[in-house]
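A.B. asks: Need the 3D shape of this:
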Amino acid sequence: MAQQTQQQRTLSFENTETAFRNKSNNELNRAYWLFKILGSNFLTNIGPPVTMFALNTGLPVTGIIRNTIFKHFCGGETIEGCVPTIQRLASQKVGTILDYSVEGEGTETAFDETCNEILRTVGYAKSDPNISFSVFKPTGLGRFSLLEKVNSKKSLSPEEEQEFGRIKQRVDRICASCYEYGVKVLIDAEHSWIQDVIDDLAREMMQRYNRNAPIVYNTYQLYRHDKLASLQADYYYAETAGFFLGAKLVRGAYMEIERERAREHGYKSPIQPNKEATDRDYDLAIQFCLDHLDRIGLMAGTHNEESSRLLAEEIDKRLWPRDHPHIHFSQLLGMSDHLSFNIAEAGYNSAKYVPYGPVKAVMPYLFRRAQENTSVAGQTGRELSLIAKEKKRRKSAR
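C.D. replies: Predicted structure coming up:
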């Protein structure tokens, strides 16, 4: 009977009461004005240099940042500081992906500290069922320039060989810990000119730790015209080698940078020719994963309503349980609540990326996220219209 009741729930992305249930009127108003600022491109164009100047020169802006953009898009400054956010999300059946979002300083000490902090998130997730995944960014564990050199197949010096070995050891420590504790882990995607070496590492970790279940997930950026083929090739390799493929599907985050670098270096851009091609490949990637779900764990990381609806409808069409352990939806904290909370309310697995870290250290991450999301046509306007709709609903309900 419980299953029947679940299947009868209608998924609607227009239900703002569910989407904003955990926001007070003050929080809703703050979100409204924050997205107004985002829509004006202040944070993406003027905000970063002005804010970082103020932080670096000791101007008293930390408190303002902590109570505005940081409070909206981040869970806290520490794992323990994220607990209220974790619990608030869990109260609406939404899981948490703890994302230590401090940008590496480029030193071995900093990389070791980042690795140890990510291991702390894994240990915390072991004892908290509300933590759906751990996650790490490979450039938080090693030098970008070294990964670029390995990616281009250039010879490494003995010292660089040792340094690259330490990167691999950090990645393995995290994945081994996740395997030991039964915690899923997402390996974030990076720029195309270091992605091949990351893909190689991810496959190695999946082959080692995904023998019995999808634990390690690699990220496929479908705004690249070659990534649908990569996903398919990785699946067939996993099938042959006898392990589960973990696939996090995203559209992508570095489009302008990728195109500019391709122009500067005179090679064909890896980016799709248009948005329609990206949408097509993303949805084809969803279908491919579902067609091979017996050996694939799927994380659909998307703010796109059409792709989210497609995945939900396919789950129902195939008569699978909505909370199938191999299928998860995810969005960023502070974005697309109309997706995350309505998806969870309808009984599907839903999770939010919850960034955390000291305010100053997290600012580069926050500005990058702002740039990524304001570059998506209509995203900010959609957020504003839904918030306005909920404000109007609450006013009429008084």
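
A.B. asks: Which residue is the nearest non-sequential neighbour of residue 357?
C.D. replies: Closest residue to residue 357 apart from its sequence neighbours, by C-beta to C-beta, 6 or more residues apart in numbering: residue 102 at 4.1 Å. No exception for glycine: its C-beta is placed from N, CA and C like everyone else's.

A.B. asks: For the one you found, which residues are in contact?
C.D. replies: 114, 117, 140, 357, 358, 361, 362, 365 (C-beta atoms under 8 Å, 6 or more residues apart in numbering).

A.B. asks: quick one, what contacts the closest residue to residue 183 other than its chain neighbours?
C.D. replies: Leaving aside its sequence neighbours, residue 183 sits nearest to residue 125 (C-beta to C-beta, 6+ apart; 4.6 Å). By C-beta under 8 Å, 6+ apart, the contact list for residue 125 reads 98, 131, 133, 134, 181, 183.

A.B. asks: could you redo the last one with a cut-off of 7 Å?
C.D. replies: Residue 125 sits next to 98, 131, 134, 183 when contact means C-beta atoms under 7 Å, 6 or more residues apart in numbering.

A.B. asks: hey, where'd the helices end up in the stretch 1-150 of the chain?
C.D. replies: 2-8, 16-19, 25-39, 42-45, 47-56, 62-66, 69-73, 83-90, 108-127, 144-151 (DSSP state H, counting those that start in this stretch).

A.B. asks: So which bits of the longest one are buried?
C.D. replies: The neighbour-count criterion (16 or more other C-beta atoms under 10 Å) identifies 111, 113, 114, 115, 117, 118, 119, 121, 122, 124, 125, 126 as the buried residues of helix 108-127.

A.B. asks: The first one and residue 102, how far apart?
C.D. replies: Taken as C-beta to C-beta, to the nearest Å, the spacing of residue 111 relative to residue 102 amounts to 11 Å.

A.B. asks: cool, and the last one?
C.D. replies: When distance is defined by C-beta to C-beta, residue 126 is 22 Å away from residue 102.

A.B. asks: so which helix or strand takes in residue 323?
C.D. replies: Under DSSP states H and E, no helix or strand contains residue 323.

A.B. asks: picking that back up, quick check: of the contacts of residue 102, which lies closest to residue 83?
C.D. replies: Among the contacts of residue 102, residue 357 lies closest to residue 83 (C-beta to C-beta), at 15.3 Å.

A.B. asks: which residues touch the closest one?
C.D. replies: By C-beta under 7 Å, 6+ apart, residue 357 lies in contact with 77, 100, 101, 102.

A.B. asks: The first one - how many residues pack around it?
C.D. replies: Spelled out, it's residue 77. The number of residues packed near residue 77 is 16, by other C-beta atoms under 10 Å.

A.B. asks: could you check the distance from it over to residue 367?
C.D. replies: From residue 77 to residue 367 the distance is 17 Å (C-beta to C-beta).

A.B. asks: thinking again about what came up before, which of the helices of the stretch 1-150 of the chain sits closest to residue 388?
C.D. replies: The closest of these to residue 388 is helix 25-39. By C-beta to C-beta, the value is 7.1 Å.

A.B. asks: any weak-confidence spans in the stretch 251-398 of the chain?
C.D. replies: Residues of the stretch 251-398 of the chain meeting the criterion pLDDT under 70: 369-378.

A.B. asks: Which parts of it are helices?
C.D. replies: 255-265, 275-291, 305-317, 337-345, 359-374, 379-397.

A.B. asks: and those helices, which is most packed in?
C.D. replies: Among the helices of the stretch 251-398 of the chain, helix 337-345 has the highest mean neighbour count (mean count of other C-beta atoms under 10 Å), at a mean of 25.

A.B. asks: what angle do it and helix 305-317 make?
C.D. replies: Here helix 337-345 runs at an angle of 10 degrees relative to helix 305-317 (axes from the mean of the first three to the mean of the last three C-alpha atoms, to 10 degrees).
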